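Colleague: Mind looking at a prediction? Sequence and model below.
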Amino acid sequence: MNHYTYHFYEMTQLAMAPARAISDLTRLTFKNPVNPLSYTAIGRNLAASAELFERVTRRYGKPAFGLDKTVVNGEEVVVEQDIVWVRPFCQLVHFRRHLPRHAPRQPRLLIVAPMSGHYATLLRGTVETFLPTHDVFITDWIDARMVPLGAGRFDLDDYIDYVAEMCEFLDVAGGPPVHIIAVCQPSVPVLAAVARMEATGNPHVPASMTLMGGPIDTRRSPTAVNKLAEKRGSNWFRRNCIHVAPFPYPGAGREVYPGFLQLSGFMAMNLDRHVNAHLDMFNHLVQGDGDSAEKHREFYDEYLAVMDLTAEYYLQTIDKVFVHHELPRGEMKHRGEPVDPCAIRRVGLMTVEGEKDDISGVGQTEAAQELCVNLPPALRMHHLQGGVGHYGVFNGSRFRKEIAPRICAFHFQVEAFLQGRAREAVSPQESQPPRAIAPGGRAMSPA
């Protein structure tokens, strides 16, 4: 563990502050329409250089969702954010829509955002897509450096507990069925939480869970990220990636995996693309292409905003998910009790993958279909989206036009099946031994 690296990083950020201030002043000076030089090539180049320098050396704060309206059934409605559930390391945000009284009730959707360095606002597009069709909630994870030591630890077991508690909270409140979407990393704890709820007979299980680009079994189509984790092992990550949050953060003294390290890894994976993107922005600024420059700003304001993770959660995830593959091997436990996906019988399962995903390879998420052997065909579906990478699985035009409609259709299919099952008496088939999953794990029409 490194005790002082984080402190040196903070000192560097403070030392750069005067240079950033001068750079920003230069940008404002040479973009001021009163200044004749702002209309010259040298003025535009100086302004573009100054903005680029300020942006690449800046620390980006947590962005806002900025979703204040949507369209439901052809009518524009106001959207407000409410915090409805709070724990030390997470708060549940509800996007409350001001619907007319006569509006039909829509299913509730719990989006479990990844706790992997970025804020939940990375899923802004995901939330926006489902607002017209669902009553949306999202997990807003708290930056570990902002949580005082007195709040205790947060590990993978706590993560699983949080998911189960949120399911219970939403279900106890009453109303339409609750569906879960887990984007990337949460796929493992969400599947584990549902498995434990089913094993204990918890009546508040969700109607369905959709796992998107998640590392259920990283032995399949291993990516560079998977190979690195397995090669290095959890001890290497403890020695090289765990740091102590410095003063004056509220969490000073807490062992964390810093967001700036995670961001460095993200950038290094596609360094050429990021360098070219910033060069393109420079050219757009010089040429006066404000629209293209603004798109760059919007993407990188989100992409470069990162948070710290607790050391115990990060190391457990590396060890259990990426090194020892405990879930697909049937060895995973939650607080000493086995996590058995075979216990899942009442919760629909949809898995979504991207053909070009370089974070979670093809087949890693679909592995969940083979683990949940006791689900009938009507409660399962798999979708492989062609032409998209990891980010395109949950955002972008293909997500909006192709993936999201399939998820909505699956929710209605699951609800119809579960309602039909509830109306029937105990079926003789349910007492028969479980059948193997259909090839590919794809949904079939209810018998």
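Modeller: Structure's in. What do you need?
Colleague: And the next helix or strand past the lengthiest strand in the chain?
Modeller: Scanning the chain for the longest strand, with DSSP state E as the assignment, gives strand 75-87. Sequence-wise, the next helix or strand downstream of strand 75-87 (DSSP states H and E) is strand 90-97.
Colleague: What pairs with the next helix or strand after that next one, parallel or antiparallel?
Modeller: Later in the chain than strand 90-97, the nearest helix or strand by DSSP H and E is strand 108-112. Strand 108-112 has its sheet partners listed here by DSSP bridges as strand 135-141 (parallel), strand 178-183 (parallel).
Colleague: List just the one of the ones you listed that sits closest to Phe95.
Modeller: strand 135-141 (4.6 Å; Cβ to Cβ). To be clear about C-beta, it is placed using only N, CA and C from the backbone, and glycine gets the same treatment.
Colleague: and that closest one, how far out from the chain's middle?
Modeller: Between the centre of strand 135-141 and the centre of its host chain there is 11 Å, according to Cα atoms, centre = their mean, to the nearest Å.
Colleague: Just the CA coordinates for the helix or strand following that strand, please, in CSV.
Modeller: Toward the C-terminal end, the helix or strand that comes next after strand 135-141 (DSSP H and E) is helix 156-172. Listed next in CSV are the C-alpha coordinates belonging to helix 156-172 (Å, rounded to 0.1, in the frame of the first residue of the first chain):
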residue,chain,number,x,y,z
LEU,A,156,-18.7,-6.8,-1.8
ASP,A,157,-20.9,-8.2,0.9
ASP,A,158,-22.2,-4.7,1.7
TYR,A,159,-22.8,-4.1,-2.0
ILE,A,160,-25.0,-7.2,-2.2
ASP,A,161,-26.8,-6.1,1.0
TYR,A,162,-27.5,-2.7,-0.5
VAL,A,163,-29.0,-4.2,-3.6
ALA,A,164,-31.3,-6.5,-1.6
GLU,A,165,-32.3,-3.6,0.7
MET,A,166,-33.2,-1.4,-2.3
CYS,A,167,-35.3,-4.1,-3.8
GLU,A,168,-37.2,-4.5,-0.5
PHE,A,169,-37.6,-0.7,-0.1
LEU,A,170,-39.2,-0.3,-3.5
ASP,A,171,-41.4,-3.4,-3.3
VAL,A,172,-42.6,-2.7,0.2
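Colleague: Please identify which of the strands paired with strand 108-112 is closest to Pro88.
Modeller: Among the strands paired with strand 108-112, the nearest to Pro88 by Cβ to Cβ is strand 135-141 (10.9 Å).
Colleague: any idea of the mean pLDDT in the closest one?
Modeller: For strand 135-141, the mean pLDDT works out to 97.
Colleague: low-confidence ranges in the protein?
Modeller: 1-3, 266-271, 423-447 (pLDDT under 70).
Colleague: One more pass at 50, please.
Modeller: The model of the chain has pLDDT under 50 over residues 425, 428-447.
Colleague: Where do the helices of it begin and end?
Modeller: For the chain, applying DSSP state H gives helices covering 5-31, 41-57, 124-130, 156-172, 187-199, 224-241, 259-269, 271-287, 290-303, 311-317, 326-329, 367-371, 397-398, 404-423.
Colleague: With mean neighbour count added, can I get those in CSV?
Modeller: Shown next, in CSV, are the helices of the chain (neighbours: other Cβ atoms under 10 Å):
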stretch, mean neighbour count
helix 5-31, 15
helix 41-57, 17
helix 124-130, 22
helix 156-172, 20
helix 187-199, 25
helix 224-241, 16
helix 259-269, 16
helix 271-287, 14
helix 290-303, 14
helix 311-317, 22
helix 326-329, 18
helix 367-371, 22
helix 397-398, 13
helix 404-423, 16
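Colleague: Would you reformat these as a markdown table and include distance to Asp143?
Modeller: Shown next, in a markdown table, are the helices of the chain (distance: least, Cβ to Cβ, whole Å):
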| stretch | distance to Asp143 |
| --- | --- |
| helix 5-31 | 13 |
| helix 41-57 | 20 |
| helix 124-130 | 18 |
| helix 156-172 | 15 |
| helix 187-199 | 19 |
| helix 224-241 | 17 |
| helix 259-269 | 8 |
| helix 271-287 | 23 |
| helix 290-303 | 15 |
| helix 311-317 | 13 |
| helix 326-329 | 27 |
| helix 367-371 | 29 |
| helix 397-398 | 31 |
| helix 404-423 | 29 |
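Colleague: Report the contact partners of Ala293.
Modeller: By Cβ atoms under 8 Å, 6 or more residues apart in numbering, the residues touching Ala293 are 281, 284-285.
Colleague: same check, this time on Arg400
Modeller: Neighbouring residues of Arg400 by Cβ under 8 Å, 6+ apart: 125, 129.
Colleague: any residues touching stretch 153-170, and which ones?
Modeller: Taking Cβ under 8 Å, 6+ apart as the rule, stretch 153-170 contacts 84-85, 87-90, 92, 108, 110, 112, 115, 137, 139, 144, 147, 178, 180, 186, 189-190, 192-193, 196-197, 202, 204-206, 310, 312-313, 316-317, 320, 334-335.
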